[in-house]
Every structure is written in C-alpha cells, then in structure tokens.
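Engineer: Here's my sequence, what's the structure:
(3 chains)
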Amino acid sequence: MSKLMIELTINGKKRKVETTASTRLLDLIRDDLHLTGTKEGCGKGECGACTVIMNGELVASCLVLALQADGAVITTIEGVGDDKCLDPVQEAFIETGAVQCGFCTPGMILAAKKLLEENPHPDEEEIKRGISGNLCRCTGYQKIFDAIRLAADRLSSRNGGRGEEDA
Amino acid sequence: MHQRTVPCQGYFAPQKIEDALEILSGCRGEIKVIAGGTDLLIQYYDRLYEVGTWLDLKNIKELKDIRINKNQMEIGAMVTHTQLEKSEDIKKYFPILSQAAADIGSPQIRNRGTIGGNIVNASPAGDLLAPLMAYDAQFKLLSTQGERIVPAEEFFIGPKKTILEQAQLLTGIILPLPFERTFGCWIKIGKRKALIISTITLALVAEMAEDNKTVKDVRTCLGSVAPTPIEVKEVREKMIGKNFSQLDFNQLGQIVEDKIFPIDDIRGTREYRKDVAKNIMINALEEIGSAWRSHK
Amino acid sequence: MKKMPKRYVGRNILKVDAQEKVTGKAIYPDDIYFDDMLYLKIKRATHPHAYLRRIDINKAQKVPGVVKVITAADIPEVRNFGLIIKDQPVLIGIGQKMRYMGDALAIIIAENKEAASQAVNLIEVEVEELEIISDPLRAMEKDAPLIHKDSNILATHYLEKGDIKKGFAQADVVVENEYKTSFLDQVPLQVEAGVGIYDEESEVIKLWAATQWLHDTQADIAQSLGFPKEKIRIIQPVIGGAFGKKEDISVHIHLALAAMETKRPVKLTYTREESMIAQSKRHPLIIRMKTGVTKKGYLTACQVEVIGDTGAYASSGLAVVHKGMYHCTGPYNVDNVKGVAYTVYTNNTYCGAMRGFGATQMAFAYESHMDILAQQLGFDPVQFRMQNAYGIGSSTPNRQILTRSVGVKETIKEAAYLAGWKGER
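Structural biologist: Below is the predicted model of the structure:
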C-alpha cells in the first residue's frame, strides 16, 4: 500500500501526515494524530460517535477517506474549550447530567455546537433534528436536550441579550 | 495484468472534468469514483484495501453548481443534500426535491452525500430518485467519447444497476422549470424519523391547467416498492383533463395500491407497503388540493 | 431509622469523571496505544452448527504484516470459560463443534488492522454440517440433535406457592395465553475492545478491557489458561456502556494468548457486526401464562411455563430464565402460584445479562394479562391493578415477605396521572 502525503489543519494546527488510500479520516485522527476523543461506534455513519467538523460542516469521519481531507480544516472535541476554560456547551453537559458513559459525548457536543451556531434559539424539534445523527444509549436524551437549552441561554446572554426572538 | 494508459497510484483528485474522464477511461475496471463517500465507505467497510484506485470528484468546481438557464435548472452532480435542502432556488422550483433531501440520513450524512451519488448508487430506496422522476429529470452522462442526456426513468435498470458505463461520469441533472401552477407532495415512510432507509416513498407532482380547474399533467412516482423508482402511469390516465375537485382520491389511492408489486424485506412487508401506498397517495392528493386552493 | 446526612443525598452532584468525558480525554479500551502494538482479528464460525473438519491458514499467514495465526491446535491446555458453567471454548478445534456464528476458529495477529482483515478472509474452513436448531421448542424435542454433550435443556427450575388447584377452583374467570419476546442487543455505544501485554519476567498478563466485574473476569481467565489469579491483572478503562453485555469474556482470553505468543502489546477491537453476532443478547422468552381471578377482581392463581432460549452457551441463562419465572405475577398479590422454567440451548447467539435480567420480559406477559383480565371482568385496568398491587406485608411468588419500600401503588397512581388516564378504555 503506497503512502501519500496530505496536509490538513486540525484544531488550529497545520499538520502534514503520511497516509494511504485505504485509511479513513477517523483512523488518521485516532491512530496517526493520537486524538482519541473521536470514537468509532459503528463504522457505518449511523451512530455519530465519529463526528468531527470538517470545513465548517458536521461530518461522520468514518465515511471520509483520509485523502479526501487533504487541505481541510478540521475540529475535533480536543479543539473545543480547554482544561482551564470549558466551552459553554461542555459546561452545560456536565451541569445537567447529560454525560453518563461519555462515549457519545464528544460527537454530541460538536453537533450541539454546530446547531447553536446556526440556530442560537432552537426549539425542541430543532434540537432533535440538530442531533439526529448522534445516538446515545445511556441518557435517554432528555438531559442532552436540557444541556443544549442551557447552553443556548448562556450563549445568548453572553452575546448581549436575546437577539432575535423566536415565536 | 492488462495494459493501463494511466499509472494507477491509488488516488486521484483532478480539478477538471476532462482530466477525470481521461483517468477513468485509462484505468479501466480498477477505479472507483467517489463523491461524498456515504454509500461507498459503508459498502467497503473493513475492506477499503480492495479498491485499487479512487477517483475523487471533490475538486471539480463545475460539478458543485446549481444553475438556471432559460427554462431549465442544472444541478451539478456533486451538490450535497444539505445544499439541496437549503437552496432557495430548489425550494422555489422543486420543493419536494428539497424536502426529500432534508429527509435523508442525518446532518452528517447530508453534508457529504451528493445528488450524483444518490443517483449512481441507484438503491431502490434512494430518496431523491422518485422526486427526480416526478420532476422529469434528465441526467447528463459524460465520457471522453462525448455527452449523452438520458431521462431518469431510462437510467435505472435494477437494484443498484444503471446504464452508466465504466468510463462515464454523471455530471449533472437537468430539470425543466415547472409552470407556476405546479404543486408537489413528498411523503417518506420509515421506521424512525432520521437515519432511516425508507420503507416507501411517494413523490406526487401535479400541474394545473390555465383554467385553474383541470389537471394538465401529473406524475406519481414511488420508491422502495420496486427494483427501481417507478411511476404509476395509470394515475396519470385517470387524472389528466379531469376537474381536480371531482377526483375520487380513494379510487386513485386504490390504483396505486393495485399497480405496485413490492416485496417483503427487512424494512417492511409487501402487504404493509401496498396498504400504506394507498393511504399516502390519498394524503398527498389532499395536500396538493389544499396547496392549490390556497394558491387560487 | 437514623436520618442520613444530607451532604450528598438529594443534591445535584457533578459526576466526577464528566470533565474528562466532555473534553475527549477519557481513555476507553480502544484509545490505548503502544509503539510496537499488534492488531488482532478473529476468524469466526462459518456455520451455526457444524464439526470443524479442516482449517487452512497458509494463505492467511502469507499476507504481508501477519505475524502469527493461532488455532486450537496451538493451545491444547486452554480450557472452556463461562460465567456460571464453563461450556464455552476459546477456539474451536478440528473434530470439535462450532455451535453459533460467533464461535472463534482462529486468532490472526498482524502489524496493522488492514493485514489482519485481509488475512481473516483468506482462512479456508471445511465443516461437516449438522441440523441448525434456531427454535428452542425444536431443541426440546426428544429427537433433536444435542448441541452439547447432555440434554439441550440445560436447566429446569420449579416454583410453588400455596395450592394451585385450589386457586383456580376459587377463580370465576381464567385467562390463558402464550407470549413471546424477542432477542435484543444491549448495543452499548462502545463495542468490545481491549489491549493486552505480557510481562515475561513476572509472567503477568496485563489486560485493559471493559468488563462489568473485574474479579469474576479475572477468575474466569485464570481457570481457562490454567494460571493462578495473581498472574492476571485487569485494568478497567472507562467503559462506554455495557447494560449487561460486558459481563461475559469477549476479547480477554484471545488478547492474553496473543500477548503471550508474541511478547508484544496486542489490541483487539470488534466491529459492530461482530459484536452483534458474537456477544450476548437478551433472552427471548416464551411465556405460557394462566391466571385466575374472582368476579370481584382479586387474583387467585397464576400458573406459568417459561422457555428461555439461552443460545449456544449458558452464560447467565441459568439465572435469567428462572429469575423471570419468579416475577411471573408481577407486583400483584397472588396466593397460589406454580411455575416451571426451562433454560434451553439452541444455535442462536448466546444470551446473557441485559438490564432487567428476565424480569423485563415477564412484564410483557403479566401486564398484558392484567389488561385482558380487567377487560373480561369489566373493570377499569388501573383500578384492577390498584386493588391487587403489593403493599407492606405482601408475599412474592417465592415467599419473600415485603417489609419496606413498596412503592407500587404510588407508582401506578402517578403513572396513570401523568398519562392523563381518566378511566377510559
């Protein structure tokens, strides 16, 4: 299997990585870049545990060839907040008890962040749709909805007022 | 070992269609064309090493456009489901195509999956296929030998089988802009609300005549009830030239139930599909009825 | 009773490991890497019920990157494992039986995952097919082929309380039905995965693998390999869900064998399909229930026959099926109870623990019965339940007297209220 060099920006850092045509982006992130926060739950794009943000969009990294990520800008969970200052979405997940085994959590947090970026005041249906690509087997989702609502409130008050009111 | 005119190195991502076509014709039999990868990477799970060479279309800019010229729209094959969902032009002219795209998979899948991929994968359950047929879509097939334009219903010949040749690329989808009095309804039935391959889909598009009373044209297309997406042509015979308000929806629903021959599979039984086909046809007619009435 | 201090009970306490989980820092078994680590893949059974006649690993061994392929012939001293009875082989050998599609035929050890995957597909297997038994009722027939050495009925348990004949004699209405529940997978989001290392000097096998009880797993591995327990060290990484599925041995013994063989760190991660096919499920139960009730709406008798498909191996089947039987009346007072429960082998994927452990399946039967009985009597189904529900002093089918913490009636009332039940049918 011949190796090819690609360059991508991951969590703000430019990285050059040697990879093959049969490597998935998920494998590159975990095995080669040692960022193990992104998980494999099914390998078929159905569970969302492998979710990353690629070129501004939520994607399932188990369904992207590493070579397709040449030149891409990628954010994984490791690029969200840091130990000194957690992202409001991360804080909300902790506070509402939305974390049990934690395996879905990195993907959920990225999906939640993307949702709130595009829709700062989602209603219940919009929250469900925003995380419809992420499965959780522990929590029953209710606390995850609570976390997203809490994060939405905090982010909007942080950004100075409610902004546009939804009906 | 056969002769190759292009050395196959495992992965190509050309910027121009012409280069892609050269690679495709030179590397016969061993090359796999990849767009969003949401079907391919599932098919090749745990055996990606079996693919000799990938031809990635991601850098070909012309394939990502949605263009309107004169009376038609051309959608590039690499346009994603998210783009279809969000495009103001698609929502305006081809609303049920936008709705069908919005019902595919999940945000992650929609951001990567493409209209071209959905068509070429040709699953009998492919969500965009019935709406495309209902809107009279034609597909642009390109190779080093030239271009061919094929109507959607001639493109699909069996489950995951199309007339696309080895050296051909699907580059675009041509849709005639519908007339103003065109109404559509899309219904997808599945075991859950997201990340679900459909049990049955219905794409109903009706065009009203200038008198605003009679049906000028109608296409009743279904997915997941046959080896390919299909149109129930008998509905058209029954509806054309008739006064919409006098249509017997129950009778039309019954025609759909009678004229489809689905199978039992893991997503549903033959009986269920036939039963539901009738009900969703009636619902779709009612929906088109209200859309038409409020438009008047 | 002394009042408990309210420092933690009743307060919103933040989960101690939540921060590492929201930052992606938590270490699950598949997140562990070593520099010279090897990757394992398992060749699994090609038929649900067959004798292995030939296994050819030559082509697999020749795949570049493959270090070793272990078959049963390499491990003659390794013994069966299992939660309660040790009936599950580590690897199926020539002349031995594969009993379900998850049985392991070979361990492939390779430098990378791709080589391991390629090698698995190149292993050639010849079998002598036997009748596939997928229905426990067929398994119970006298002429059914034996899946193990003894009867396909692994265990029979009995339950008796009061006088069942008297109980039915007192009943004005008797309802009898057969209920069936299905196989379910626990689907924890993290599949079975682990890493193993063998320290030659101390002869200790160190395993990182998700498991639900380290001591039982350690003991099971030790007896299978014939080692003292002190030579097996298990470190529990963060577990990505289990719900019963991680009670049984999965990757552990294969990792231990590969680590000892290669003297290098080894990793084994199942695919989701593999997890579905090879690892435990919830027992499907056939529940034949007969219940008697007076016209005033009081239960007098409950008779039940429970048939549990435990699949190819026992796992916790010896506990689950009869535990289900003990829940046959649900949380309702019945003085006269009689039951029999069969734990039956088939060639389906073996069944083990899944939250509820037998009680869950029974609820489908007894609650359906309660609705049917209420309907036949012309009673409101909530009221019918309330007047039969357990209270302090009630006795269960196996004669335990409930002396405290019986919240059934409050639960029924609250559930009815939340559901908006207004006494309608």
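Engineer: residue nearest the centroid of the chain?
Structural biologist: In the absence of a named chain, this looks at chain A. The centroid of chain A falls nearest to A:Leu110 when counting by C-alpha atoms, centre = their mean (2.4 Å).
Engineer: wait, I meant chain C there
Structural biologist: Note on chain C: the residue nearest the mean C-alpha position is C:Gly352, at 1.5 Å, using C-alpha atoms, centre = their mean.
Engineer: for that one, what are its contacts?
Structural biologist: Contact analysis of C:Gly352 by C-beta atoms under 8 Å, 6 or more residues apart in numbering or on different chains lists C:83, C:244-245, C:247-248, C:280-281, C:315-317, C:320. For every residue, glycine as well, the C-beta is placed using N, CA and C.
Engineer: Show me what C:Val66 is bridged to.
Structural biologist: Judged by DSSP bridges, the bridge partners of C:Val66 are C:Ala110.
Engineer: Could you check the pLDDT of it?
Structural biologist: Per-residue confidence (pLDDT) for C:Val66: 98.
Engineer: My guess is it contacts C:Ile107. True?
Structural biologist: No. Counting by C-beta atoms under 8 Å, C:Val66 does not reach C:Ile107; the two are 11.2 Å apart.
Engineer: Please identify which of the two sits among more neighbours.
Structural biologist: Ranked by neighbour count (other C-beta atoms under 10 Å in any protein chain shown), C:Val66 and C:Ile107 place C:Ile107 first, with 26 against 23.
Engineer: List the buried residues in the helix or strand the more buried one falls within.
Structural biologist: If you go by DSSP states H and E, C:Ile107 is part of strand C:104-110. Residues of strand C:104-110 classed as buried by neighbour count (16 or more other C-beta atoms under 10 Å in any protein chain shown): C:104-110.
Engineer: Could you check what's spatially nearest to the residue nearest to the centre of chain C, not counting adjacent residues?
Structural biologist: Excluding the flanking residues, the one nearest C:Gly352 by C-beta to C-beta, 6 or more residues apart in numbering or on different chains is C:Ser280, at 3.2 Å.
Engineer: The residue of chain A found nearest chain C: how many residues sit nearby?
Structural biologist: Proximity of chain A to chain C (C-beta to the nearest C-beta) peaks at A:Gly37, 2.1 Å away. A:Gly37 sits with 25 neighbouring residues when counted by other C-beta under 10 Å.
Engineer: Can you name the helix or strand that it falls in?
Structural biologist: Following DSSP H and E, one finds A:Gly37 outside all helices and strands.
Engineer: pretty sure it contacts C:Lys25?
Structural biologist: Yes. Using C-beta under 8 Å, A:Gly37 is in contact with C:Lys25, at 7.0 Å.
Engineer: quick one: low-confidence ranges for chain A?
Structural biologist: Along chain A, segments meeting pLDDT under 70 span A:1, A:160-167.
Engineer: by contact count, what packs against the lengthiest helix in it?
Structural biologist: In chain A, with assignment by DSSP state H, the single longest helix is helix A:142-158. Secondary-structure packing of helix A:142-158 (3 or more C-beta pairs under 8 Å, 6 or more residues apart in numbering or on different chains; DSSP states H and E): helix A:88-95, helix A:105-118, helix A:124-130.
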